[in-house]
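A.B. asks: 3D model of this:
(one chain, ligands or ions: 1)
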Amino acid sequence: MAEKATAKTAVLQTETRIFEPPADLVDNSNVMQWMKKKGFKTEKEMRSWCSENYVEFWDEMAKKYVDWFEPYTTVMDNSEMPYFKWFTGGKVNMTYNAVDRHAASDKKDKLAYIFVPEPTDQETQKITYGELAKEVNKLANGLKSLGVEKDDRVSLYMPMIPQLPIAMLACAKIGAIHSIVFSGFSAKGFGDRVKDCEAKVAITTDGFYRRGKAMPLKAQADEAIADAPSVEHLVVYKRTGIDVDWKDGRDIWWDDLIEGKSDECEAVPLDPEHRLFILYTSGTTGKPKGIEHAVGGYCVAPAQTLDWVFDIKEDDIWWCTADIGWITGHSYIVYGPLVLGCTSMIYEGSPDYPDFGRWYKIIEDNKVTIIYTAPTAIRMLMKQGSKWPEKYDLTSLRLLGSVGEPINPEAWIWYRKNFGADKLQIMDTWWQTESGTFINSPLPITPLKPGSCTFPLPGYNATIYDELGNEVPLGEGGNIVQPTPWPSMLRAFYKDTERYQKEYWSVYWDTPKRGTYLAGDKATRDKDGYFWIQGRIDDVLSVAGHRIANAEVESAIVAHPSVAESAVVGKPDEIKGESIVAFVTVITGVEETDDLKKDIRTFVRKSLGPVAMPSEIHFVPDLPKTRSGKIMRRVIKAQSLGKPTGDVSALANPEAVETIPLIV
Ligand code: PRX
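C.D. replies: Residues are numbered from 1 along each chain as shown. Down below sits the predicted model:
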């Protein structure tokens with residue numbers, strides 16, 4: 001990646017629509033209250049001050065959002081770049097901040113979670129902060145009885161049930177480091193990660209529900225752990241009651257482990273740089289890397305960003321639809337909302353079970369006020385049409401959010417119209433597993449442009465550099481970077497410091513901008529300074545001397561009324577360097593004809609110009625995607641060029657690879 005972080009990208013797309021925030025949203029927003037207190041007149045002035053004075057800003061936020069057992073003595077320490085440290089000298093505990101202090105206050109009876117099981121004949125479960133505290137403590141005591149101590153790693157391989165946050169919080173309480181592996185991963189995917197982090201204990205379930213069926217999970221865990229000598233115990237939560245194999249001495253049922261354990265447990269005061277968790281990310285390329293996050297920064301920044309961006313109020317029902325196994329779930333289903341003492345939804349299953357009305361029904365039944373989801377989910381629902389949202393009452397919603405990929409304006413408008421009655425603002429948050437929190441995002445006070453993640457949040461300094469570390473002028477594209485550290489940033493890769501330094505810090509190390517974080521995405525800013533993410537650096541196309549961002553071409557294709565999704569790749573071309581080849585899935589019911597191909601090409605030519613027009617269009621039934629819903633262009637490119645597809649362990653739908661035709 002680092003070697004390719006050179007040339008600038010062309011800017012083809014121009015979006016002119018602006019959606020002003022309604023006055024009552026602005027006036028009542030959390031950020032506006034703070035601005036008034038501080039005397040800031042405009043959003044721009046406020047964002048600039050907070051970003052310039054980011055150390056002072058985060059100091060204030062750390063004191064506002066977190067209770068420290070011992071106060072920190074240094075806000076930020078950059079003496080060992082790129083190993084930045086935050087809030088050193090203090091002592092803190094995540095679970096104390098996320099649960100205990102609420103359970104000991106008048107929030108004791110407030111709901112922490114509303115859990116909706118997938119099977120429609122199972123009751124919704126409501127868990128208060130007081131109940132959550134007890135469950136966490138019992139499990140923490142159970143883990144201690146298995147010999148788990150501070151710094152030990154515990155691997156969690158669990159579906160979307162409340163026991164997953166309970167397990168995370170139990171680890172965090174005693175200073176053990178959790179490492180969640182998304183339960184959709186295969187035995188091998190789980191095994192590689194358990195072995196890499198040398199977990200002492202693993203926690204799983206007998207099975208989980210998916211599209212109405214009880215599916216096994218322990219069986220995969222057994223296979224993975226057979227080959228992971230560090231694992232002394234496997235704790236099993238009974239979710240479905242399906243048969244499981246049992247290894248005496250190693251395996252223990254969750255219920256037996258907590259049986260008779262005290263529901264009180266002291267939170268261990270931890271150094272703020274103590275590792276809260278390791279989360280493996282494969283990104284879209286290469287071997288999984290174990291990203292380490294630290295407890296101090298994590299207590300502060302997910303809560304602060306959630307509070308300002310999604311404007312959390314005491315009676316909100318917050319629904320982040322991500323799986324807790326991804327960073328979005330870590331930060332915005334577990335740690336952020338709990339530190340704020342807010343009520344969150346957890347839904348166990350699939351959005352199309354028993355039908356495509358499920359998400360809308362969950363919103364209606366539970367009066368969800370804010371929903372935060374991904375473009376891939378929005379496009380999937382969009383493919384099914386408006387007839388589903390029309391059947392349900394979605395008027396409880398007051399704010400919408402998006403994350404994970406650039407959201408094409410077409411999907412943005414559909415989301416606003418169908419979830420938001422054509423009037424709700426959409427917070428398009430750009431960030432990464434590595435960042436731990438949103439970096440660029442609108443606030444409720446920000447005028448929106450569909451498809452733009454707007455500006456760096458207060459306390460962040462994202463900008464766009466060329467390869468030498470010069471800021472590129474407005475209207476041009478380049479590498480989106482973070483020149484200054486932030487509290488929830490990754491601290492390292494587990495046992496691989498060299499790769500950590502090379503991937504994120506090497507490009508600008510020998511320039512005057514040493515210490516600048518390279519995010520790995522291309523981006524551009526328009527004349528008003530709005531940021532537009534153009535996709536991963538590695539996915540940029542090079543056509544006749546132009547560096548063209550895949551995201552722009554894909555967005556233009558998806559704007560065609562017959563298209564559901566699209567991925568573009570570069571095919572080697574003797575004259576142009578690369579020509580653009582598009583793989584396209586169509587809206588349900590649309591016929592895949594040559595005329596439609598022609599029409600799509602003309603459509604792109606009209607919206608972006610001839611240079612971005614695909615030379616070939618191929619219809620496919622499905623696009624290969626990661627389990628978090630990102631299109632795997634690397635795999636599509638290799639398959640279509642007849643090359644080895646490499647590591648495909650992160651794919652959710654490996655069968656889609658075979659349907660990608662050869663283009664050479
Ligand atoms: O390419 C960007 C894209 O997702 C990458 C980070 O992926 P991951 O670590 O899996 O984290 C996903 C959840 C934060 C980024 O480098 N990405 C994420 N959000 C956006 C985005 N691209 C454009 N717009 C977004 N809002």
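A.B. asks: which element is residue 637 on?
C.D. replies: helix 633-640 (DSSP states H and E).
A.B. asks: Could I get the CA-only coordinates of that helix as PDB?
C.D. replies: Listed next in PDB are the C-alpha coordinates belonging to helix 633-640 (Å, rounded to 0.1, in the frame of the first residue of the first chain):
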ATOM      1  CA  ARG A 633     -12.400  -5.800  -5.400                       C
ATOM      2  CA  ARG A 634      -9.100  -7.500  -5.000                       C
ATOM      3  CA  VAL A 635     -10.700 -10.900  -5.300                       C
ATOM      4  CA  ILE A 636     -13.000  -9.800  -8.200                       C
ATOM      5  CA  LYS A 637     -10.000  -8.400 -10.100                       C
ATOM      6  CA  ALA A 638      -7.900 -11.500  -9.600                       C
ATOM      7  CA  GLN A 639     -10.700 -13.900 -10.600                       C
ATOM      8  CA  SER A 640     -11.700 -11.800 -13.700                       C
END
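A.B. asks: Name the next helix or strand following that helix along the chain.
C.D. replies: Immediately after helix 633-640, counting by DSSP H and E, sits helix 655-658.
A.B. asks: Output the contacting helices and strands for that next one.
C.D. replies: helix 633-640 (3 or more Cβ pairs under 8 Å, 6 or more residues apart in numbering; DSSP states H and E). (Each C-beta comes from the backbone N, C-alpha and C, glycine too.)
A.B. asks: can the helix it packs on be found next to the ligand?
C.D. replies: No - Helix 633-640 lies out of reach of the ligand by Cβ under 6 Å from any ligand atom, never closer than 11.2 Å.
A.B. asks: which strands and helices sit next to the helix holding residue 637?
C.D. replies: Looks like helix 633-640 contacts strand 563-573, strand 577-586, helix 655-658 (3+ Cβ pairs under 8 Å, 6+ apart).
A.B. asks: any idea where the helices of the stretch 501-650 of the chain begin and end?
C.D. replies: 550-558, 594-608, 633-640 (DSSP state H, counting those that start in this stretch).
A.B. asks: Just name the most buried of the ones you listed.
C.D. replies: Mean neighbour count (mean count of other Cβ atoms under 10 Å) peaks for helix 550-558 among these, with a mean of 27.
A.B. asks: That helix packs against which elements?
C.D. replies: helix 409-420, strand 531-536, strand 563-573, strand 577-586, helix 594-608.
A.B. asks: I'd like to know which elements the second one is packed against.
C.D. replies: Using 3+ Cβ pairs under 8 Å, 6+ apart as the contact criterion, the neighbours of strand 531-536 among helices and strands are strand 477-482, strand 517-525, helix 550-558.
A.B. asks: rerun that using 7 Å as the cut-off
C.D. replies: strand 517-525, helix 550-558 (3 or more Cβ pairs under 7 Å, 6 or more residues apart in numbering; DSSP states H and E).
A.B. asks: Please name the strands paired to the first one in the sheet, noting orientation.
C.D. replies: As defined by DSSP bridges, the strand partners of strand 517-525 come to strand 477-482 (antiparallel), strand 531-536 (antiparallel).
A.B. asks: Where is the longest helix in this structure?
C.D. replies: Secondary structure assigned by DSSP state H gives helix 129-145 as the longest helix of the chain.
A.B. asks: now that helix: how far from the chain's centre is it?
C.D. replies: Centroid displacement of helix 129-145 relative to its chain, using Cα atoms, centre = their mean, to the nearest Å, is 27 Å.
A.B. asks: least trustworthy helix or strand in the chain by mean pLDDT?
C.D. replies: Within the chain, no helix or strand scores below strand 546-548, which has a mean of 81 by mean pLDDT, DSSP states H and E.
A.B. asks: Pull up the pairing partners for that strand, direction included.
C.D. replies: Strand 546-548 has these strand partners (DSSP bridges): strand 541-543 (antiparallel).
A.B. asks: Name the residues of the strand it pairs with that come out as buried.
C.D. replies: By neighbour count with 16 or more other Cβ atoms under 10 Å, strand 541-543 contains the buried residues 541, 543.
A.B. asks: same question, stretch 254-266
C.D. replies: Those would be 254, 257-258, 261, 265, for stretch 254-266 by 16+ other Cβ under 10 Å.
A.B. asks: is it possible to export the residues you listed to JSON lines including pLDDT and distance to the ligand?
C.D. replies: Shown next, in JSON lines, are the buried residues of stretch 254-266 (pLDDT from 0 to 100; distance: Cβ to the nearest ligand atom, whole Å):
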{"residue": "254", "pLDDT": "98", "distance to the ligand": "29"}
{"residue": "257", "pLDDT": "98", "distance to the ligand": "32"}
{"residue": "258", "pLDDT": "98", "distance to the ligand": "32"}
{"residue": "261", "pLDDT": "98", "distance to the ligand": "35"}
{"residue": "265", "pLDDT": "98", "distance to the ligand": "32"}
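A.B. asks: Closest one of the residues you listed to residue 322?
C.D. replies: Closest approach to residue 322 among the buried residues of stretch 254-266 (Cβ to Cβ): residue 254, at 23.8 Å.
A.B. asks: For that closest one, give its distance to residue 170.
C.D. replies: Per Cβ to Cβ, to the nearest Å, residue 254 is found 11 Å from residue 170.
A.B. asks: likewise residue 87?
C.D. replies: From residue 87 to residue 170 the distance is 23 Å (Cβ to Cβ).
A.B. asks: do residue 131 as well
C.D. replies: 14 Å.
A.B. asks: likewise residue 427?
C.D. replies: 31 Å.
A.B. asks: Have a look at these two and say which one is more surrounded.
C.D. replies: residue 170 (28 against 24; other Cβ atoms under 10 Å).
A.B. asks: how about the more buried one, what does it touch?
C.D. replies: 136, 139-140, 143 (Cβ atoms under 7 Å, 6 or more residues apart in numbering).
A.B. asks: how about 10 Å then?
C.D. replies: Contact partners of residue 170, counting by Cβ atoms under 10 Å, 6 or more residues apart in numbering, are 95, 135-144, 148, 154, 163, 176, 178, 203, 258, 265.
A.B. asks: Could the C-alpha coordinates of the helix or strand hosting it be exported in PDB?
C.D. replies: Assessed by DSSP H and E, residue 170 sits inside helix 163-174. The C-alpha trace of helix 163-174 is given here as PDB (Å, rounded to 0.1, in the frame of the first residue of the first chain):
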ATOM      1  CA  GLN A 163     -24.000 -12.400  26.500                       C
ATOM      2  CA  LEU A 164     -21.500 -11.000  24.000                       C
ATOM      3  CA  PRO A 165     -21.300  -7.500  25.600                       C
ATOM      4  CA  ILE A 166     -21.500  -9.200  29.000                       C
ATOM      5  CA  ALA A 167     -18.400 -11.200  28.200                       C
ATOM      6  CA  MET A 168     -16.600  -8.100  26.900                       C
ATOM      7  CA  LEU A 169     -17.400  -6.200  30.000                       C
ATOM      8  CA  ALA A 170     -16.400  -9.000  32.300                       C
ATOM      9  CA  CYS A 171     -13.000  -9.200  30.600                       C
ATOM     10  CA  ALA A 172     -12.600  -5.400  30.800                       C
ATOM     11  CA  LYS A 173     -13.500  -5.400  34.500                       C
ATOM     12  CA  ILE A 174     -10.700  -7.600  35.500                       C
END
